[in-house]
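> prediction below, plus the sequence it came from.
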Amino acid sequence: MSRAVRLLRFGPSGLLVELPSTAEVAAAYRTLCTARKDGRLTGVTELVPAARTVLVEVAGGGPVPVELIRAMLTDPPAPDAADPDAADQPAELLIPVHYDGADLDLVARTAELSVAEVVKLHSSAEYTVAFCGFAPGFGYLIGLPQTLRQARLDDSRPSVPAGSVAVAGEFSAVYPRSSPGGWRLLGHTDVVMFDPAADPPARLAPGDRVRFEPVR
């Protein structure tokens, strides 16, 4: 992990960890989650990852373990140090995708690839949910191949259908419900990504692993 980590006090019981990239945010989030679950990071009630930060919230009135967190993120454990049999391993979700999106040809032209090559690249990558936001159940997935990283559309659509699989910048995502959006649409899935009646309501949580599978 990069040593370019900034720790900023966030109110009376919080700490904001700033990192240079989403990949390092994901690594820091995993490290802190593991430390909280195995008892090394006591008193922490919530960990909230975002694009370049992780918010650490401590129980009201408790000390914020600034130096302990600094040490953990400066010299984190090796990735294989985690117990592979632990019950709290990240979930893995395979999402079947119909690659029929309105912007599939545009993405192919911009990347100077064929549509088949775009589908192969997007579906062969392994993604991690870096953080959730924008709408309930909307997971920002990192792991998108460099060749497919493209800007948002110049003009957002007033309504993107639920289940749309899309890319923008370094991220891929699945729209959990119909909403405005400017991401480039590659296809759609029939998997329900957010159901208020389910437990939990959202299919994705930070740290989860995602793969996309082309279907006809």
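Structure received.

> from the chain's centre, how far out does stretch 162-179 sit?
Taking Cα atoms, centre = their mean, to the nearest Å, one finds stretch 162-179 lying 12 Å from the centre of the chain it belongs to.

> and the most far-flung residue of the chain relative to its centre, how far from residue 12?
Distance from the C-alpha centroid of the chain, by Cα atoms, centre = their mean, peaks at residue 61 (30.7 Å). Remark: distance between residue 61 and residue 12 (Cβ to Cβ, to the nearest Å) = 8 Å. Quick note: C-beta positions are derived from backbone N, CA and C, even for glycine.

> what's the closest non-adjacent residue to residue 194?
residue 137 (2.9 Å; Cβ to Cβ, 6 or more residues apart in numbering).

> what is the burial count for the one you found?
Close neighbours of residue 137, defined as other Cβ atoms under 10 Å, add up to 22.

> give me the element it is part of.
Using DSSP states H and E, residue 137 is not contained in any helix or strand.

> who is the spatially closest residue to residue 9 that is not a sequence neighbour paired with across the strands?
Nearest residue to residue 9, sequence neighbours excluded (Cβ to Cβ, 6+ apart): residue 15, at 6.3 Å. Counting by DSSP bridges, residue 15 forms beta bridges with residue 9, residue 56.

> so, low pLDDT: which residues of this protein?
The model of the chain has pLDDT under 70 over residues 1-3, 75-89.

> ok, which stretches of it are strands?
With strands called from DSSP state E, the chain shows them at 6-9, 14-18, 44-49, 53-58, 92-98, 127-132, 139-142, 157-160, 164-168, 171-174, 179-181, 184-188, 209-215.

> okay if I get those strands as CSV plus distance to residue 30?
Shown next, in CSV, are those (distance: least, Cβ to Cβ, whole Å):
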stretch, distance to residue 30
strand 6-9, 18
strand 14-18, 13
strand 44-49, 10
strand 53-58, 10
strand 92-98, 15
strand 127-132, 9
strand 139-142, 13
strand 157-160, 30
strand 164-168, 24
strand 171-174, 18
strand 179-181, 28
strand 184-188, 27
strand 209-215, 12
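
> any chance of those in JSON lines, plus distance to residue 67 and mean neighbour count?
Output for the strands of the chain, formatted as JSON lines (distance: least, Cβ to Cβ, whole Å; neighbours: other Cβ atoms under 10 Å):
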{"stretch": "strand 6-9", "distance to residue 67": "9", "mean neighbour count": "12"}
{"stretch": "strand 14-18", "distance to residue 67": "11", "mean neighbour count": "19"}
{"stretch": "strand 44-49", "distance to residue 67": "14", "mean neighbour count": "18"}
{"stretch": "strand 53-58", "distance to residue 67": "13", "mean neighbour count": "20"}
{"stretch": "strand 92-98", "distance to residue 67": "35", "mean neighbour count": "16"}
{"stretch": "strand 127-132", "distance to residue 67": "25", "mean neighbour count": "23"}
{"stretch": "strand 139-142", "distance to residue 67": "29", "mean neighbour count": "24"}
{"stretch": "strand 157-160", "distance to residue 67": "45", "mean neighbour count": "14"}
{"stretch": "strand 164-168", "distance to residue 67": "37", "mean neighbour count": "23"}
{"stretch": "strand 171-174", "distance to residue 67": "33", "mean neighbour count": "24"}
{"stretch": "strand 179-181", "distance to residue 67": "42", "mean neighbour count": "17"}
{"stretch": "strand 184-188", "distance to residue 67": "43", "mean neighbour count": "23"}
{"stretch": "strand 209-215", "distance to residue 67": "32", "mean neighbour count": "17"}
